[in-house]
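*Asks:* Sequence first, then the predicted structure, then my questions.
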Amino acid sequence: MRNKFSAMIAMLLVAVFVMTACVPAATTTPEPVATLPPAVEPTKAEVPVVTEEPAPTDAWADVDPSGQQIVFWHQHTKARETALLEIVDEFNKTNEWGITVTAEYQGSYGDIFTKMLPILNTPDVPDLVVAYQNQAATYQLTEGLLDLNPLVNSPKWGISEEDQKDFFPGFWAQDVFPNFGNARLALPPNRSMEVMYYNSDWLKELGYDAPPTTPEEFKEMACKAATTPFSKATVEGSIGYELSVDASRFASWTFAFGGDVYDYENNSFTYNSEAGVAAMTYLKDLFDSGCARQVTEAYGDQTDFGNGSLLFTVGSSSGLPFYAQAASEGANFAWSVAAIPHTTPDPVMNVYGASVSVPNTTPERELAAFLFLKYYTNAEVQAKWAKVSQYFPVRASVADKMAGYFAADPAYKTAFDMLAYSHFEPPVPGYDFVRDEVEATMAAIVDGGDVVSLLDAINVKANEILADQLAQIQ
């Protein structure tokens, strides 16, 4: 199967349903027990000799990564790309094997996914690639990725047990796939979260001393902002909320209304659940009431937030540095982040993040790629990466050392503290294609379409995709 990948990949994208992955608990082989013939008193000489089980072999012990030149496909731009290139350069200068890594920007996550599909299991594949969990699962349908478990646990090359435990358990477990024999298909370098950005100066002008925590409060404030422009705004006009039609936004609002977009017990999408209908009905009402509008250009909500014409927006915490820049260069106001207003007792935060996978190439290239990935995720590099990128670090020891950074960036600290309420979107192969359908449905809803019928239709479509793909391997 490894060399039979073709342009028909879309027909082979099988919905492998991956619930929250768990690293299997280590098992201990009991010492063999000597068995004696019945009714015989053994003498000292007759006691059988117990032999120990041989130690497991390290399949990677004799692989030599020296002098390998490897390529890393990523999506980072601006300060993050600069920081990543510095990390790569330091590795290239200091690693003892003479490995050279070349980091190449390849566009967005979607661009990279599209580029990867036709070249898996070919000489053209990169040695390292960023991938969300559902994308990694899709690649693995053709056995396109290396199972990192043997390398992670290699006595010679691996990550120590102490260092493995330093990763936040949920982040560490997220790249282990039970439906692929508990293969580890990536390592996590960072994570992000969907948060609500708000203009705190404008809220005070509107008569509020705190951001909204419920949907009712959110609507009240958003509608008041739509008719009461911010005094510091650099452009005319105002609006309470701008919605980016995005499948993650759909999931985040559904989570906030106490539901999910996927039924893990029955392995099916649930876009038309009670919570999904309630969330989309609520958003449609914001539009119908003149309190919200749709984002019409890339990062348009970030721009409008910065110029002071937008009170609320919902987006990734990875946008923190860009929102800070937009606000300081725009209307120059105080702002922060909070949980998306919710109907649940506690917030339910949509936490996500691409990990880094190692495509199948040669043992030498694969080992060289792993050694860079091990370096990229070590505590020292993680501390630098977290501060520059403003992603969340994946190691506890890094977070413990960030008190000064938390004090200097309270919005980041606020978001970090909400990790306790983490929830995740479905990490299933083919989700990229379902996401496209969801975005079209959201656009139709806010354009005046009927919520129930549109969500019924998208739910049927999403599950038909899964059923058709599942049938390919049955």
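*Replies:* Noted; the coordinates are in hand. Keep in mind that what you see is a predicted model, and the values were worked out from it rather than measured.

*Asks:* Let me see the confidence value for M11.
*Replies:* Listed pLDDT for M11 reads 40.

*Asks:* Ok, A403 next?
*Replies:* 86.

*Asks:* okay, now it: neighbour count?
*Replies:* When neighbours are defined as other C-beta atoms under 10 Å, A403 has 10 of them. In this view, the C-beta of every residue, glycine as well, is placed from N, C-alpha and C.

*Asks:* For it, list the residues it contacts.
*Replies:* By C-beta atoms under 8 Å, 6 or more residues apart in numbering, A403 lies in contact with nothing.

*Asks:* Quick check: phi and psi on it?
*Replies:* phi -60, psi -40 (degrees, to the nearest 10).

*Asks:* got it, and M349?
*Replies:* phi -100, psi 130.

*Asks:* Hmm, it is touching E194, no?
*Replies:* Yes. If you go by C-beta atoms under 8 Å, M349 and E194 touch, sitting 6.7 Å apart.

*Asks:* shared neighbours of the two, anything?
*Replies:* I340.

*Asks:* Can you check the distance spanned by stretch 327-335, start to finish?
*Replies:* 8 Å (C-alpha to C-alpha, to the nearest Å).

*Asks:* now it: mean pLDDT?
*Replies:* Taken as a whole, stretch 327-335 has an average pLDDT of 97.

*Asks:* what's the first-to-last distance across stretch 257-266?
*Replies:* 21 Å.

*Asks:* Now T214. Nearest residue, chain neighbours left out?
*Replies:* P341 (5.3 Å; C-beta to C-beta, 6 or more residues apart in numbering).

*Asks:* Same question for T344.
*Replies:* The shortest distance from T344 to any non-neighbouring residue, by C-beta to C-beta, 6+ apart, is to G258 (4.9 Å).

*Asks:* For G237, see how far away the residue nearest the centre of the chain is.
*Replies:* Nearest to the mean C-alpha position of the chain, counting by C-alpha atoms, centre = their mean, stands G353 at 1.9 Å. According to C-beta to C-beta, to the nearest Å, G353 and G237 sit 35 Å apart.

*Asks:* cool, V351 as well?
*Replies:* For V351, the distance to G237 equals 34 Å [C-beta to C-beta].

*Asks:* roughly how far is the longest helix anywhere in the chain from the heart of the chain?
*Replies:* Secondary structure of the chain per DSSP state H: the longest helix is helix 451-471. Counting by C-alpha atoms, centre = their mean, to the nearest Å, helix 451-471 is centred 24 Å from the centre of its parent chain.

*Asks:* Which strands or helices does it pack on?
*Replies:* strand 268-269, helix 274-288, helix 431-446 (3 or more C-beta pairs under 8 Å, 6 or more residues apart in numbering; DSSP states H and E).

*Asks:* Contacts for it next, please.
*Replies:* For helix 451-471, contacts defined as C-beta under 8 Å, 6+ apart pick out 11-15, 267-272, 276-277, 280-281, 284, 428-430, 433-434, 437-438, 441, 444-445.

*Asks:* Now do that helix and helix 274-288, the angle between them.
*Replies:* Between the axes of helix 451-471 and helix 274-288, defined by axes from the mean of the first three to the mean of the last three C-alpha atoms, to 10 degrees, the angle is 130 degrees.

*Asks:* Buried by neighbour count: which residues of helix 451-471 qualify?
*Replies:* 451, 454-455, 457-459, 461-463, 465-466, 469 (16 or more other C-beta atoms under 10 Å).

*Asks:* Please apply the same query to stretch 364-371.
*Replies:* Buried-residue list, stretch 364-371, by 16+ other C-beta under 10 Å: 364-371.

*Asks:* Filter these down to the ones in helices?
*Replies:* Reading helices off the buried residues of stretch 364-371 with DSSP H, I get 364-371.

*Asks:* Next, format these as CSV and append pLDDT and distance to S160.
*Replies:* Shown next, in CSV, are these (pLDDT from 0 to 100; distance: C-beta to C-beta, whole Å):
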residue, pLDDT, distance to S160
E364, 98, 23
R365, 98, 24
E366, 98, 20
L367, 98, 17
A368, 98, 20
A369, 98, 19
F370, 98, 14
L371, 98, 14
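
*Asks:* any idea how this structure splits into domains?
*Replies:* Domain assignment for the chain by automatic domain parsing gives 63-191+353-394, 193-351+426-471.

*Asks:* rewinding a little: for the residue nearest to the centre of the chain, list the residues it contacts.
*Replies:* With C-beta under 8 Å, 6+ apart, G353 has these contacts: 132, 171, 188, 190-192, 391-392.

*Asks:* State the pLDDT value of the residue nearest to it when sequence neighbours are not counted.
*Replies:* Nearest residue to G353, sequence neighbours excluded (C-beta to C-beta, 6+ apart): R191, at 3.8 Å. Per-residue pLDDT puts R191 at 94.

*Asks:* again with K78
*Replies:* 88.

*Asks:* just N95 next, same as before
*Replies:* pLDDT at N95 comes out at 98.

*Asks:* need the contact list for it.
*Replies:* Contacts of N95 (C-beta under 8 Å, 6+ apart): 371-372, 375.

*Asks:* before we move on, the earlier item: what is the burial count for the residue nearest to T214?
*Replies:* A count of neighbours around P341, defined by other C-beta under 10 Å, yields 24.

*Asks:* Give the residue spans of the protein that score low on pLDDT.
*Replies:* Applying pLDDT under 70 to the chain flags the ranges 1-56, 469-474.

*Asks:* Name the helix or strand for A222, please.
*Replies:* If you go by DSSP states H and E, A222 is part of helix 215-227.

*Asks:* what angle separates the helix or strand just after that helix from helix 274-288?
*Replies:* As assigned by DSSP H and E, the chain's next helix or strand after helix 215-227 is strand 239-243. With the same axes, to 10 degrees applied, the angle from strand 239-243 to helix 274-288 works out at 130 degrees.

*Asks:* where exactly do the helices run in the stretch 51-200 of the chain?
*Replies:* 78-94, 109-116, 133-140, 149-152, 161-166, 169-173, 200-205 (DSSP state H, counting those that start in this stretch).

*Asks:* Export only the CA atoms of the last one, formatted as PDB.
*Replies:* Only the C-alpha atoms of helix 200-205 are listed here, as PDB (Å, rounded to 0.1, in the frame of the first residue of the first chain):
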ATOM      1  CA  SER A 200     -12.100  46.700  27.700                       C
ATOM      2  CA  ASP A 201     -12.000  50.500  27.300                       C
ATOM      3  CA  TRP A 202     -15.100  50.500  25.100                       C
ATOM      4  CA  LEU A 203     -16.900  48.200  27.600                       C
ATOM      5  CA  LYS A 204     -16.300  50.800  30.300                       C
ATOM      6  CA  GLU A 205     -17.700  53.500  28.100                       C
END
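
*Asks:* So which elements touch it?
*Replies:* strand 335-338.

*Asks:* R249 versus K219, what's the distance?
*Replies:* When distance is defined by C-beta to C-beta, K219 is 17 Å away from R249.

*Asks:* My error: substitute A399 in the last question.
*Replies:* For A399 relative to R249 (C-beta to C-beta), the value is 27 Å.

*Asks:* of the domains of the chain, which approaches A420 most closely?
*Replies:* Nearest to A420 among the domains of the chain is domain 193-351+426-471 (8.5 Å), distances taken as C-beta to C-beta.

*Asks:* hang on, the earlier thing: want to throw the helices and strands packed on helix 451-471 into CSV with mean neighbour count?
*Replies:* As requested, the helices and strands packed on helix 451-471 are arranged in CSV below (neighbours: other C-beta atoms under 10 Å):
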stretch, mean neighbour count
strand 268-269, 21
helix 274-288, 19
helix 431-446, 19
